[in-house]
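A.B. asks: need a structure here:
(2 chains)
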Amino acid sequence: MIDNTLNRRQFLKSSVGVAAVAVAPGILLYGMANGSSEGASAKVRWGMLIDTSHCAEGCNDCVTACNKENGLSGGVAATDSQWIRKIEIKEIAGGRQLSLPMMCQHCENPPCVDVCPTTASFKRADGIVLVDKHRCIGCRYCMMACPYKARSFVHEALHDQNPDVPRGKGTVESCTMCVHRVDQGLQPACADACANKAILFGNLNDPDSEIAKKIRTVASVQVRADLRLNPGVRYQGL
Amino acid sequence: MFRLLTILAVFFLSFSAQAAESTPKLDIGKGGQCVEDPQFMRKNHMHLLRHQRDETMRQGVRTGKYSLKNCVECHASTKDNSVIAREDSFCVACHRFEAVKIDCFECHSGERKSAWLQRNAK
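C.D. replies: Just a heads-up that it's a prediction; the model follows:
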């Protein structure tokens, strides 16, 4: 706050706010950006920190929750949409095994947006990378451009979509960071579903947010950081 | 010649009278007060929706009043919670009458969210 002349009312307001954040960080930390008439704000950058040490091998809860929330079939064939998948990796020399979820990394400089000929692929002001299916012509350049193989193409006509998650044949789609939930003040379905709390969702731009604090204090990496895309999803213990 | 003209005139008059009478039979669902005057909506709903969809999708403005979800919320049939399920459903009946294809529902759900939740709550 720039103005130092706090009156009593402002002081009380702000101290109540601080208390609320401390009591229920999961819900109230991002209360400011919800469904406002100004829409997504560039002051916010949504991101995730995935703690691989808490991610259990064989557990698929985040994937199941994503499929249910977004109405995906759950199939894993080449023609099925997968917005998030579990990956098991092993360091060959040491034998250390890891399990982690992989999805759209919501890059700051997304290659999928660069290559899109119709500007259907775009980045929202708050850092969420989306496909505007009204404009998508299904050329799939973005699928080829994405180094994380995060995008899927819808091959078949769909029915019974979630009213909040429109999806349709002939368009490319990927993790939306549950943008419909985030705009309501909820966290993404995968983060909600993780029993081990391995997925931490929050505003990277807010220095007081839980995720920003954790990123400052623990070692975390971005996958393929050498590409300098600055993904919004980071991994701890990778 | 005069006779022929009279016959033609009678024919066209009766035809146009018929056309004015036949209007699509709609199941308007809950209905009630629309966001704009109904006559204006009949002509312009597509423009309103098209304008607002870009703001919602690309800028994340979710407070606008011309949302497709709001259309569905009021106009889905009280029988099957849908604006597209039957021949006389709100969107289908009119669009069929005017012979205009609706693309919206290839991606968007034509169902009330509450109904979808009920079916998908496991």
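
A.B. asks: okay, CA-based contacts and neighbour counts for the rest of this
C.D. replies: OK.

A.B. asks: So which residues on chain B come close to chain A?
C.D. replies: Contact residues, chain B versus chain A (C-alpha under 8 Å from any C-alpha of the partner chain): B:56-64, B:69, B:106-113, B:116.

A.B. asks: what are the ranges of the helices in chain A?
C.D. replies: Taking DSSP state H as the test, the helices found in chain A are A:8-23, A:25-28, A:61-70, A:111-115, A:141-145, A:179-182, A:189-193, A:210-217.

A.B. asks: Show me the shaky parts of the chain.
C.D. replies: Answering for chain A, as no chain was given. By pLDDT under 70, the low-scoring segments of chain A are A:1-36.

A.B. asks: could you do chain B instead?
C.D. replies: B:1-21, B:122.

A.B. asks: any idea which element the spatially most central residue of it lies in?
C.D. replies: For chain B, B:Cys91 is the residue whose C-alpha lies nearest the centre (C-alpha atoms, centre = their mean; 3.3 Å). Per DSSP states H and E, B:Cys91 falls inside helix B:90-98.

A.B. asks: distance between the helix or strand following that helix and the chain's centre?
C.D. replies: Reading on from helix B:90-98 to the C-terminus, the next helix or strand found by DSSP H and E is helix B:104-107. Relative to its chain's centre, helix B:104-107 lies at 14 Å (C-alpha atoms, centre = their mean, to the nearest Å).

A.B. asks: Mind listing what's buried along helix B:104-107?
C.D. replies: Neighbour counts over helix B:104-107 (16 or more other C-alpha atoms under 10 Å in any protein chain shown) mark B:Phe105, B:Glu106, B:Cys107 as buried.

A.B. asks: In contact with the first one, which residues?
C.D. replies: For B:Phe105, no contacting residues are found, by C-alpha atoms under 8 Å, 6 or more residues apart in numbering or on different chains.

A.B. asks: B:Lys113 now?
C.D. replies: By C-alpha under 8 Å, 6+ apart, B:Lys113 lies in contact with A:Asn162, A:Pro163, A:Asp164, B:Glu73.

A.B. asks: again, only this time at 6 Å
C.D. replies: Contact analysis of B:Lys113 by C-alpha atoms under 6 Å, 6 or more residues apart in numbering or on different chains lists A:Pro163.

A.B. asks: ok, now the one 3 residues further on?
C.D. replies: With C-alpha under 6 Å, 6+ apart as the criterion, no residue contacts B:Trp116.

A.B. asks: Let me know the helix or strand that it is in.
C.D. replies: Per DSSP H and E: B:Trp116 is located in helix B:113-120.

A.B. asks: May I have that helix exported as PDB, CA atoms only?
C.D. replies: C-alpha atoms of helix B:113-120 as PDB (Å, rounded to 0.1, in the frame of the first residue of the first chain):
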ATOM      1  CA  LYS B 113     -25.700 -27.600 -15.800                       C
ATOM      2  CA  SER B 114     -27.800 -28.900 -12.900                       C
ATOM      3  CA  ALA B 115     -29.100 -31.800 -15.100                       C
ATOM      4  CA  TRP B 116     -25.600 -32.700 -16.200                       C
ATOM      5  CA  LEU B 117     -24.300 -32.600 -12.700                       C
ATOM      6  CA  GLN B 118     -27.100 -34.900 -11.500                       C
ATOM      7  CA  ARG B 119     -26.300 -37.500 -14.200                       C
ATOM      8  CA  ASN B 120     -22.500 -37.300 -13.700                       C
END
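
A.B. asks: Look at A:Cys142 and say how many residues are nearby.
C.D. replies: Burial of A:Cys142 is recorded as 26 neighbouring residues (other C-alpha atoms under 10 Å in any protein chain shown).

A.B. asks: Nearest spatial neighbour of it, chain-adjacent residues omitted?
C.D. replies: A:Cys112 (4.2 Å; C-alpha to C-alpha, 6 or more residues apart in numbering or on different chains).

A.B. asks: Wait, A:Leu200 touches A:Asp51, no?
C.D. replies: No: applying C-alpha atoms under 6 Å, one finds A:Leu200 not in contact with A:Asp51, separated by 8.0 Å.

A.B. asks: and A:Val165, how far is that from A:Ser37?
C.D. replies: To A:Ser37, A:Val165 is 20 Å away according to C-alpha to C-alpha, to the nearest Å.

A.B. asks: For the residue nearest to the spatial centre of chain A, give me its contacts.
C.D. replies: What sits nearest the mean C-alpha location of chain A, by C-alpha atoms, centre = their mean, is A:Met177, with 3.5 Å. Counting by C-alpha under 6 Å, 6+ apart, A:Met177 touches A:Pro188.

A.B. asks: how near is the residue nearest to the centre of chain B to B:Leu26?
C.D. replies: In terms of C-alpha to C-alpha, B:Cys91 sits 8 Å off from B:Leu26.

A.B. asks: Could you check how far stretch A:111-128 is from the centre of its chain?
C.D. replies: Distance, centroid of stretch A:111-128 to centroid of chain: 15 Å (C-alpha atoms, centre = their mean).

A.B. asks: Output it in PDB with nothing but the alpha carbons.
C.D. replies: The C-alpha coordinates for stretch A:111-128 follow below in PDB (Å, rounded to 0.1, in the frame of the first residue of the first chain):
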ATOM      1  CA  PRO A 111       5.400 -22.300 -29.100                       C
ATOM      2  CA  CYS A 112       1.800 -23.400 -29.800                       C
ATOM      3  CA  VAL A 113       0.700 -19.800 -29.900                       C
ATOM      4  CA  ASP A 114       3.600 -18.800 -32.200                       C
ATOM      5  CA  VAL A 115       2.700 -21.300 -34.800                       C
ATOM      6  CA  CYS A 116      -1.100 -21.000 -34.800                       C
ATOM      7  CA  PRO A 117      -2.200 -19.700 -38.200                       C
ATOM      8  CA  THR A 118      -5.600 -18.500 -37.000                       C
ATOM      9  CA  THR A 119      -4.600 -17.200 -33.500                       C
ATOM     10  CA  ALA A 120      -6.900 -19.800 -32.000                       C
ATOM     11  CA  SER A 121      -4.100 -20.900 -29.700                       C
ATOM     12  CA  PHE A 122      -3.500 -18.000 -27.300                       C
ATOM     13  CA  LYS A 123      -2.300 -17.100 -23.800                       C
ATOM     14  CA  ARG A 124      -4.700 -15.400 -21.500                       C
ATOM     15  CA  ALA A 125      -3.600 -12.400 -19.500                       C
ATOM     16  CA  ASP A 126      -3.200 -14.500 -16.400                       C
ATOM     17  CA  GLY A 127      -0.800 -17.000 -18.100                       C
ATOM     18  CA  ILE A 128      -3.300 -19.800 -19.000                       C
END
